[in-house]
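**Q** coordinates for the following, if possible.
(one chain, ligands or ions: 1)
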Amino acid sequence: MAKQKTTVGTIDNEVLAFTAGRDVELDQALVTVDCIGTAAHVTMLSRMKPQLITEAECKQVIAGLVEIIGLARQNKFKINLADQDVHLAVERTLTKKLGDLGKKIHTCRSRNDQVAVDLRLYAKEQLLQTLEEAANLVVALTAFGKKHEAIPMVGRTHMQPGMPSTVGLWATAHAESLLDDCVLLVNAYEMNDQCPPGSAASYGVPLPIDRQLTSDLLGFSRPTHNVLYANNGRGKMESIVLSAMSQVMLTLSRLAQDFMLFTMPEFDYFKLPAEFCTGSSIMPQKQNPDVCELVRAKATRVKAAELGVYDLVKGSPTGYNRDLQEAKELFMEGIATTRACLRILAPMVKDTKVNVKKLIAGFTPGVFATDRALELVGEGMPFRDAYHYVKENLQELDNIDPVEAVKLKTHLGAPLGLDWNYFKARTDAVKETVREERKAFNQAVAKLLGVKYPLA
Ligand code: ARG
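**A** The predicted structure is shown next:
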């Protein structure tokens, strides 16, 4: 059998390919964060007493890491199959450049440490991007709602006409759902904001490393405390993040479903921008809502990614197990999919047109029945009597104007009682979190690497 020499032993070629799996490609997304993690680690080693590398050596390593980050920015950093993953590719590159010094960077740590911190740094950035994109969609939905604030729309239950409502209420219901999802994303962000390195092979090392310092250098809020949990937390962290992502997708899927329903010619309440619809290869007249259908389908895939990670972890015994490597692809795909859906929907919402005529035509007299009963209640009739009175005199509802009807719904959160500042304040808070966290992280990394970050 053909064998291959690797940094950590000689193994069968097929075994190498099988065990490395997709890491050689997927780890491309981790090159920069892996270098940042290593920069913090060697800085910490240089400040230990006695120091395990000198300050001058630390500087040399960091310069080498900055070079690699530069290459990664241009997609020019190569991970070979013999490296197995980004961690050993970086070590190989530094050793080639710095000789014996390159061989010191793995002092007091394991690849498990590295991948754990890499994925947390990756998740940090991805969660901030997701929050920003979610805020943009909230802005689009809220603007759409405000623009059509008082336009009547039949409110439905069981999909059947129910009560008078508005386009504004419909749009901002989805916006508020997404704002709640942002709370889950921020929770996931906070849970993720713990620094695992120092766990080494899960059980710590017999030298006085400074885990708090590593955490501070990387701008994490704190180190994970228990070193074994630092390792067991891999997979759990991914599942927490994906669970927040799948809540986002739950919101988006319902929004997409509503769009499909209300753009059906039988409804014709809304018209999606033509450039967001696709044609048919055989039916010349077609304008299909494929974007919405795919968002609905992607919600299934993100949930599947979440469940996939959950299932990998649930039977996993304590300590590192290679199974965890399989979570990486699901994790990255789940996040990328959620973000793509957020990005595609914002401009679609913005340019969707409403058909006021059709929205008003959707009002059958029955839609006003409950309002009429409540009007009688206002005049002193007990509700059940009013209910039966209206049921027996439905003809009285024939000439009610939906525009006037919705004007009566003004209490908190009702169609004409929506507080636009509420939406704005919550959206601004999300944007502010993104700005502050991003700034703090970039500052920490710039200080660590001694260069402007992100690199110019
Ligand atoms: N690529 C590996 C992963 O994602 C890195 C850790 C390998 N650790 C090990 N003990 N074999 O899990």
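
**Q** enumerate the residues of this protein near the ligand.
**A** 23, 85, 111-112, 115, 320, 322, 324-325, 328 (C-beta under 6 Å from any ligand atom). Yep, even glycine has a C-beta here, placed from its N, CA and C like the rest.

**Q** could you work out the most separated pair of those?
**A** 23 and 320 (14.6 Å; C-beta to C-beta).

**Q** filter the residues of the chain next to the ligand down to the ones in helices?
**A** Those of the residues of the chain next to the ligand mapping onto helices are 23, 111-112, 115, 325, 328, per DSSP state H.

**Q** got the residues you listed as JSON lines, with neighbour count, distance to residue 186 and pLDDT columns?
**A** Supplementary listing: those in JSON lines, determined by neighbours: other C-beta atoms under 10 Å; distance: C-beta to C-beta, whole Å; pLDDT from 0 to 100:
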{"residue": "23", "neighbour count": "22", "distance to residue 186": "30", "pLDDT": "97"}
{"residue": "111", "neighbour count": "19", "distance to residue 186": "30", "pLDDT": "96"}
{"residue": "112", "neighbour count": "22", "distance to residue 186": "27", "pLDDT": "95"}
{"residue": "115", "neighbour count": "25", "distance to residue 186": "24", "pLDDT": "97"}
{"residue": "325", "neighbour count": "20", "distance to residue 186": "28", "pLDDT": "97"}
{"residue": "328", "neighbour count": "25", "distance to residue 186": "23", "pLDDT": "98"}
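
**Q** name the residue closest to the centre of this protein, please.
**A** Geometric centre of the chain, nearest residue: residue 130, 4.2 Å, by C-alpha atoms, centre = their mean.

**Q** so it touches residue 336, yeah?
**A** No: in this structure, residue 130 is not within contact of residue 336 by C-beta atoms under 8 Å, at 10.0 Å.

**Q** low-confidence stretches in this structure?
**A** 1 (pLDDT under 70).

**Q** ranges for the strands of it?
**A** 3-6, 9-12, 152-157, 160-166, 194-195, 222-223, 270-271, 353-354 (DSSP state E).

**Q** to residue 384, which of the ones you listed lies closest?
**A** Judging these by C-beta to C-beta, what sits closest to residue 384 is strand 160-166, at 18.1 Å.

**Q** how close does the closest residue to residue 286 other than its chain neighbours get to residue 321?
**A** Nearest non-adjacent residue to residue 286, counting by C-beta to C-beta, 6 or more residues apart in numbering: residue 280, 3.7 Å away. Distance of residue 280 to residue 321, computed by C-beta to C-beta, to the nearest Å: 48 Å.

**Q** ok, now which ones touch residue 248?
**A** Residue 248 is in contact with 130, 134, 178, 181, 184-185, 338, 341-342, counting by C-beta atoms under 8 Å, 6 or more residues apart in numbering.

**Q** of all those residues, which two lie farthest apart?
**A** 184 and 341 (15.8 Å).

**Q** more neighbours: those two, which one.
**A** Taking other C-beta atoms under 10 Å, residue 184 and residue 341 do not tie; residue 341 has more neighbours (26 against 17).

**Q** wait, that one touches residue 255, no?
**A** No: the pair residue 341 / residue 255 is not scored as a contact, 9.8 Å apart, by C-beta under 8 Å.

**Q** shared neighbours, these two?
**A** residue 295.

**Q** what sits up against stretch 375-394?
**A** So stretch 375-394 is in contact with 365-366, 369, 372-374, 396-397, going by C-beta under 8 Å, 6+ apart.

**Q** gap between it and the chain center?
**A** Mean-position distance between stretch 375-394 and its chain equals 49 Å (C-alpha atoms, centre = their mean, to the nearest Å).

**Q** over to stretch 169-184?
**A** 15 Å.

**Q** show me the residues around the nearest residue in space to residue 218 that is not next to it in sequence that make contact.
**A** Distance criterion C-beta to C-beta, 6+ apart; nearest residue to residue 218, sequence neighbours excluded, is residue 40 at 4.8 Å. Residues in contact with residue 40 (C-beta under 8 Å, 6+ apart) are 197, 214, 217-218, 448.

**Q** I'd like the distance between residue 40 and residue 102.
**A** From residue 40 to residue 102 the distance is 17 Å (C-beta to C-beta).

**Q** check the stretch 101-250 of the chain for the residue nearest the ligand and tell me.
**A** For the stretch 101-250 of the chain, the residue closest to the ligand is residue 111, as judged by C-beta to the nearest ligand atom, at 3.9 Å.

**Q** these two touch, right, that residue and residue 89?
**A** No: Residue 111 is beyond contact range of residue 89, at 11.3 Å (criterion: C-beta under 8 Å).

**Q** and residue 297, how far from the ligand?
**A** Distance from residue 297 to the ligand, counting by C-beta to the nearest ligand atom, to the nearest Å: 28 Å.

**Q** list the contacts for that residue?
**A** Contacts of residue 297 by C-beta under 8 Å, 6+ apart: none found.
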